[in-house]
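Chemist: Dropping a prediction and its sequence here:
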Amino acid sequence: MKSQDHGKLNLKREVGLISAVSLVAGNMIGSGIFMSPQTVLSNIGSTGACLIIWAVCGLVALGAALSYAELGTLIRESGGDFIYVLRIYGPFPAFFIAFTFLTVVGPSGASAIALSFAKYAVAPFYPGCTPPTLVVKCTAAACILVVATANTLNVRFTMAIQVVFMVAKVMALTVIVIGGIVTMAQGSLGSLNSSDIAFEGTRLGISPIGMALYQGLWSYAGWYSLNFVTEEVKKPEVNLPRALMIAIPMVTVLYLLVNVSYLAVMTPREMAFSSAVAVTWGNKVLGGWGWVMSVAAALSSFGSLNGSFFSGGRVCFVAAREGHMPDILAMAHVRRLTPSPALIFTTIISLIVLIPGDFEGIVNFFSFTAWFFYGVTLSGLLYLKIKRRDLPRTYTVPIIIPIMVLLAAVFLVLAPIIDNPRIEYLYVTIFVLSGVLIYVPFIHYKLFPGLLNKLTVVLQLFLEVAPVDKNL
């Protein structure tokens with residue numbers, strides 16, 4: 001950030017191509033690839049279908065990311081879905097995106113990553129048994145606090161952490177891939193032993209496929225990270241699509257090879273009943289060094305949580321800057337130059353979500369709400385491509401790609417409701433719609449405008465923060 005003549009600050013462009021690739025890949029390679037494979041397999045039922053699900057998830061993530069890249073070069077503001085819907089459809093639907101992201105999607109994503117970090121971090125201390133829930137959740141809470149503190153202190157330090165952890169993650173996955181190749185070279189093919197039974201037991205119902213895609217796409221969550229921080233990306237018209245084309249295919253290939261390695265070493269039954277598939281793989285292949293995979297998975301989750309906080313905290317910041325959240329959340333620290341109030345708010349909500357949550361349940365509700373709003377955003381891109389062809393574009397994606405991803409989003413939203421409706425999805429929907437009780441009086445009619453002024457001034461002085469301008 002830098003000072004302006006009128007006393008405000010604005011966001012500094014610190015994210016170059018390498019940092020951008022690290023942010024996307026680092027966010028994507030988190031807890032998912034170490035915890036979701038067994039859930040994908042148990043939902044879809046067969047090894048062949050399992051690998052197809054992982055490939056489809058990679059294609060969906062790439063298509064969605066490239067579609068968002070066009071939006072990011074058209075609307076060069078931070079905030080992701082919120083800012084795009086605000087500029088295309090107006091403030092009412094945009095508020096629901098901000099409200100849902102800040103209260104459901106962002107905190108549930110952070111909590112799920114922190115829980116996976118905690119499970120792997122404490123696993124070596126509880127060999128042969130399940131760690132106590134209290135220990136896991138306290139460790140997860142400590143992880144969230146450490147990451148939030150790092151993000152509050154310095155942007156450059158945060159990105160340096162992201163690059164280092166991204167390299168460590170790729171190395172850990174490479175170890176799994178090489179271990180699988182060596183195992184197969186020795187003649188042990190595990191679940192891949194016979195192609196005749198590769199698709200035996202496949203569940204073709206809407207709900208099994210939908211739930212398998214939820215868990216697979218959770219591992220690809222992070223493809224949208226750069227759109228949250230567009231104002232901090234150097235030459236976004238160039239680096240945004242370029243970083244995505246490097247990061248997402250790399251992660252997709254790695255994920256497929258890692259799953260082949262898992263299946264080559266373990267039987268479907270072993271995978272389905274493993275609480276931490278990477279640790280089970282490590283114990284079978286690395287023997288006494290199996291604990292290394294537990295450490296690698298924990299570090300991977302930590303790095304992913306760091307990237308999630310860096311990008312996700314900007315949504316709260318941008319929503320406040322546009323008048324959809326209290327003014328204090330749109331301010332940045334005058335010396336550290338980070339959006340610390342927004343990060344503190346995100347941390348508090350994440351800790352609250354962590355208290356009652358479990359990993360699989362959090363992931364399913366995260367996916368249900370997130371893909372609804374991805375679909376809304378993609379429909380906005382289609383509107384711009386059809387109705388606003390006059391807008392200057394530095395990057396365009398073929399219209400068939402957002403159409404296909406939009407259809408996938410519709411399927412992902414409807415799949416769990418149609419085939420296996422659960423009351424929890426109704427609760428989530430009611431909670432999202434309850435945002436109208438905040439929007440109508442406080443955003444649309446601007447009732448009680450002075451209600452938070454005194455509190456804002458006190459917090460501004462206490463936190464040493466100031467308003468921030470857009471960096472366009």
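Modeler: Yep, it's here. Residues are numbered from 1 along each chain as shown.
Chemist: what residue ranges in the stretch 201-350 of the chain are flagged as low confidence?
Modeler: Counting by pLDDT under 70, the ranges of the stretch 201-350 of the chain that qualify are 275.
Chemist: Walking through it, point out its strands one by one.
Modeler: Taking DSSP state E, counting those that start in this stretch as the criterion, the stretch 201-350 of the chain carries its strands at 331-333.
Chemist: With the stretch 1-150 of the chain instead?
Modeler: Counting by DSSP E, counting those that start in this stretch, the stretch 1-150 of the chain forms strands over residues 2-3, 9-10, given from the N-terminal end onward.
Chemist: Where among these is average confidence lowest?
Modeler: Comparing the strands of the stretch 1-150 of the chain by mean pLDDT, the weakest confidence falls on strand 2-3, with a mean of 41.
Chemist: Apart from its neighbours in sequence, what residue is nearest Arg422?
Modeler: Computed as C-beta to C-beta, 6 or more residues apart in numbering, the closest residue to Arg422 that is not its neighbour in sequence is Pro416, at 7.0 Å. (Glycine included, C-beta is placed from N, CA and C.)
Chemist: ugh, wrong one, I meant Leu391
Modeler: Sequence neighbours aside, Leu74 is the residue nearest to Leu391 in space, at 6.0 Å (criterion: C-beta to C-beta, 6+ apart).
Chemist: hmm, back to that, flag every buried residue along the helix or strand encompassing the residue nearest to Arg422.
Modeler: In this assignment (DSSP states H and E), Pro416 forms part of helix 400-419. In terms of neighbour count (16 or more other C-beta atoms under 10 Å), helix 400-419 has its buried residues at 401-406, 408-409, 411-413, 415-417.
Chemist: Check the average confidence over it, would you?
Modeler: In this model, helix 400-419 has a mean pLDDT of 88.
Chemist: Point out the other helices and strands that it packs with.
Modeler: helix 47-74, helix 206-220, helix 359-387 (3 or more C-beta pairs under 8 Å, 6 or more residues apart in numbering; DSSP states H and E).
Chemist: Now do the buried residues in the helix or strand following that helix.
Modeler: Once the chain leaves helix 400-419, the next helix or strand it forms, by DSSP H and E, is helix 423-433. Counting neighbours by 16+ other C-beta under 10 Å, one finds that the buried residues in helix 423-433 are Tyr425, Val428, Val432.
Chemist: same thing with stretch 271-283?
Modeler: Within stretch 271-283, the residues that qualify as buried are Met271, Ala272, Ser274, Ala276, Val277, Ala278, Val279, Thr280, Trp281, Gly282, Asn283, counting by 16+ other C-beta under 10 Å.
Chemist: Repeat that for stretch 231-239.
Modeler: Glu231, Glu232, Val233, Pro236, Glu237, Asn239.
Chemist: For those, work out which two are farthest apart.
Modeler: Taking every pair in these and measuring C-beta to C-beta, the maximum separation is 14.4 Å, between Glu232 and Glu237.
Chemist: which SSE is Val458 in?
Modeler: Using DSSP H and E, Val458 sits in helix 453-463.
Chemist: Dihedrals phi and psi, Glu322?
Modeler: Phi and psi for Glu322, reported as degrees, to the nearest 10, are phi -90, psi 10.
Chemist: Please name the nearest non-neighbouring residue to it.
Modeler: Using C-beta to C-beta, 6+ apart and skipping residues adjacent in sequence, the residue nearest Glu322 is Leu86, 6.3 Å away.
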